[in-house]
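1. Here is my input, please return the structure:
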Amino acid sequence: MQRIEDYALIGDTHTAALVGRDGSIDWLCLPRFDSPACFAALLGDADHGRWQIAPAGEVQRVERRYQDGTLVLETDFHTADGAVRVIDCMPVRSHRVDLVRVVRGLEGRVPLRMDLRLRFDYGRIVPWVRRVDGQTLAIAGPDAVALAADVDLRGEDLSTVADFTLAAGEQTGMVLTWFHSYDPTPLPVDPMPAVEDTAAWWRSWSERCLSRIQGPWRDVVLRSVITLKAMTYAPTGGIVAAVTTSLPERLGGVRNWDYRYCWVRDATLTLGAMLATGYTEEAGAWRDWLLRAVAGEPAEMQIMYGARGERRLTEFELDWLPGYAGSKPVRVGNAASEQFQLDVYGELMDAMYAARAAGLAPDPHSWDIQRALLAFLEANWSHPDEGIWEVRGPRRHFTHSKVMAWVAFDRAVKSVQEFGLDGPVERWKRRREEIRREVLERSWDPVRGTFTQSYGSQALDAALLLMPMVGFLPATDERMSSTVAAIERELMRDGFVQRYPSEIADDGLPPGEGAFLPCTFWLVDNLVLQGRTDDATSLLERLLALGNDVGLFAEEYDAEAGRQVGNFPQAFTHMGLVNAALHLEAAMR
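-> Okay, the predicted model is just below:
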């Protein structure tokens with residue numbers, strides 16, 4: 001089984017696939033990010049669905065890259081016979097889903113093998129396969145795919161295979177197209193022009209970012225915003241947290257969650273990353289997605305939604321899949337969607353304030369929605385909740401949740417003062433001050449000289465790093481400085497930050513997980529705000545060294561195993577990277 005970081009992402013802003021260094025596509029959800037997978041070998045073995053194109057003999061060396069400014073992947077295989085290049089992409093279209101693979105001879109004459117194992121419903125269903133009008137069709141229930149290829153295909157062991165040889169200068173293309181089984185079979189696209197059109201689309205999109213950012217981290221910032229765009233469901237503007245489910249936070253463990261949903265928690269970080277890199281259209285689409293998703297009864301606001309704004313994200317287990325590296329259970333859906341988290345109200349208010357401050361065209365109904373949410377928060381901010389990390393243990397008074405309740409009323413006050421909106425601003429001021437006073441009194445541990453995860457707790461929490469970033473306290477405040485020092489001293493493992501000490505946190509799960517990469521980027525932000533630019537630069541460079549060979553990051557890092565862990569690629573990590581790099585670059589200027 002390949003490492004998580006051995007994969008690269010391709011996508012079409014409707015869905016995505018993961019391509020391994022061995023030339024295999026082991027994960028593909030169709031037609032949406034959270035729909036049943038067509039290829040699920042990532043969570044089992046090759047028989048659960050994959051599509052591999054690779055040299056038939058021993059591979060001596062693999063090199064891969066994205067074409068500059070694009071999501072077009074090139075993988076070069078070097079063998080004793082010569083070298084070939086596999087080019088993978090998904091053309092950006094609104095009306096169909098195509099997976100295009102072009103194989104090009106570079107040197108010598110290389111024998112290759114193509115092995116396509118189509119399995120629907122997360123590897124459970126073997127489709128009926130037949131040849132129709134020059135294409136290979138595979139059908140199971142509502143799903144169908146058509147494979148068009150220039151090489152001779154044959155059936156073998158419930159797979160479609162081909163053996164062929166390419167000499168230097170020769171090339172061949174293959175296209176896999178998903179469609180509803182009850183619709184007419186779509187005509188195949190020409191793979192070579194499709195690759196060129198896809199590259200041109202991404203380069204045009206990337207130009208906006210390149211005109212806005214400078215400095216030593218320009219390339220990694222661009223790669224991150226391309227990744228975020230690829231994880232956007234274009235019809236709605238929603239950005240999923242990851243394109244995978246159940247990649248473990250601890251190899252062989254049970255912390256395996258479905259991240260193919262959109263978290264309100266990500267709202268402000270997403271807007272900040274998009275606006276700072278020139279993507280106001282994407283920022284506006286995300287803002288509009290937020291407003292549609294949360295519309296309704298304020299008490300029923302969720303912490304996450306589906307890419308189209310779906311609310312019912314029922315969690316269940318796929319017991320026929322052994323899981324990545326034996327990490328079970330494999331989950332679809334996320335029960336955390338039913339949790340009560342105070343912080344999302346602050347996140348939404350902060351995002352709406354940031355959108356107005358950036359000059360995004362206001363939604364005429366957004367303030368009405370915000371006022372309704374504030375009325376609910378005013379009556380419920382003092383209640384315990386499950387917190388930003390979605391603990392499956394008892395509710396408690398999390399410091400970060402209370403801080404974000406403060407943010408909600410702070411942004412409401414500023415929205416009235418700065419944008420002329422109407423509201424009981426004096427009452428909101430009093431509530432803001434009441435929450436601030438309580439946090440400073442009840443979450444501060446005077447003996448240890450640090451804020452704590454929750455009232456009366458002894459545990460630290462990396463979410464405390466967000467306090468200066470949302471304006472609750474300056475990073476240079478003595479209490480904040482000592483809290484940052486405590487996090488550096490107690491939560492850092494091998495140079496990276498853990499979310500919290502899971503062995504004492506009573507989070508309802510067995511202890512143990514990797515260092516949390518977004519939190520480590522937050523530490524970079526705090527170091528910048530404290531004026532420690534040399535320390536911030538050193539930490540940022542250590543973080544960037546964890547990225548894989550094409551600049552992608554998972555959610556966590558297992559220092560003991562020396563591997564990325566968690567769902568992949570992780571939007572939360574890439575948002576943190578963009579914001580930290582831009583903040584540090586601005587401070588250095």
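2. what's the lowest-mean-pLDDT helix or strand in the chain packed up against?
-> Using mean pLDDT, DSSP states H and E, helix 267-276 stands out as the lowest-scoring helix or strand of the chain, at a mean of 87. Helices and strands touching helix 267-276, by 3 or more Cβ pairs under 8 Å, 6 or more residues apart in numbering; DSSP states H and E, are helix 218-230, helix 280-294, helix 343-357, helix 571-588. C-beta coordinates here come from the backbone N, C-alpha and C atoms, glycine included.
3. then the lengthiest strand in the chain to CSV, C-alphas only?
-> Scanning the chain for the longest strand, with DSSP state E as the assignment, gives strand 97-117. Taking Å, rounded to 0.1, in the frame of the first residue of the first chain, the C-alpha atoms of strand 97-117 are listed here in CSV:
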residue,chain,number,x,y,z
VAL,A,97,-17.1,14.0,-15.8
ASP,A,98,-14.1,12.8,-17.7
LEU,A,99,-10.8,11.3,-16.5
VAL,A,100,-8.2,11.7,-19.2
ARG,A,101,-4.9,9.8,-19.3
VAL,A,102,-2.3,10.3,-22.0
VAL,A,103,0.8,8.0,-22.2
ARG,A,104,3.8,9.4,-24.1
GLY,A,105,7.1,7.7,-25.0
LEU,A,106,10.1,9.7,-24.0
GLU,A,107,13.1,7.4,-24.5
GLY,A,108,13.7,3.9,-25.9
ARG,A,109,10.8,1.5,-26.3
VAL,A,110,8.8,0.6,-23.1
PRO,A,111,6.3,-2.2,-22.7
LEU,A,112,3.3,-1.0,-20.6
ARG,A,113,0.2,-2.5,-19.0
MET,A,114,-3.2,-1.0,-18.3
ASP,A,115,-5.4,-2.6,-15.6
LEU,A,116,-8.9,-1.1,-15.0
ARG,A,117,-10.9,-2.6,-12.1
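4. buried sites along it?
-> By neighbour count on 16 or more other Cβ atoms under 10 Å, the buried set for strand 97-117 is 97-106, 110, 112, 114-117.
5. Next, count neighbours for residue 219.
-> Using other Cβ atoms under 10 Å, residue 219 has 13 neighbouring residues.
6. Near the nearest residue to it once chain neighbours are set aside, how many other residues are there?
-> Distances taken as Cβ to Cβ, 6 or more residues apart in numbering put residue 551 closest to residue 219, at 7.6 Å, once the chain neighbours are dropped. Counted with other Cβ under 10 Å, the neighbours of residue 551 add up to 21.
7. contacting residues for residue 551?
-> Residue 551 makes contacts with 66, 219-220, 223-224, 227, as judged by Cβ atoms under 8 Å, 6 or more residues apart in numbering.
8. Can I have the buried ones of the residues you listed as a ChimeraX selection?
-> Per 16+ other Cβ under 10 Å, the buried members of the contacts of residue 551 correspond to this ChimeraX selection:
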select :66,220,223,224,227
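9. Closest to residue 397 out of the contacts of residue 551?
-> Set against residue 397, the nearest of the contacts of residue 551 by Cβ to Cβ is residue 224 (34.3 Å).
10. And the strands in the stretch 351-500 of the chain?
-> For the stretch 351-500 of the chain, the strands defined by DSSP state E, counting those that start in this stretch cover 444-445, 450-451, 492-493, 496-497.
11. So which other helices or strands are in contact with the last one?
-> Judged by 3+ Cβ pairs under 8 Å, 6+ apart, strand 496-497 is in contact with strand 515-516, helix 517-529.
12. And these: which comes nearest residue 352?
-> In terms of Cβ to Cβ, the element of these nearest to residue 352 is helix 517-529, at 21.8 Å.
13. got the contact list for residue 242?
-> 231, 259-260, 555, 566-571.
14. Among those residues, which pair sits farthest apart?
-> Farthest-apart pair in the contacts of residue 242 is 231 and 566; separation 14.7 Å (Cβ to Cβ).
15. Comparing the two, which shows the higher neighbour count?
-> The residue with more neighbours, out of residue 231 and residue 566, is residue 566; 29 against 25, by other Cβ under 10 Å.
16. where do the strands sit along the stretch 51-200 of the chain?
-> Going by DSSP E, counting those that start in this stretch, the stretch 51-200 of the chain shows strands at 59-66, 73-79, 82-89, 97-117, 128-132, 135-140, 143-149, 154-156, 159-167, 171-180.
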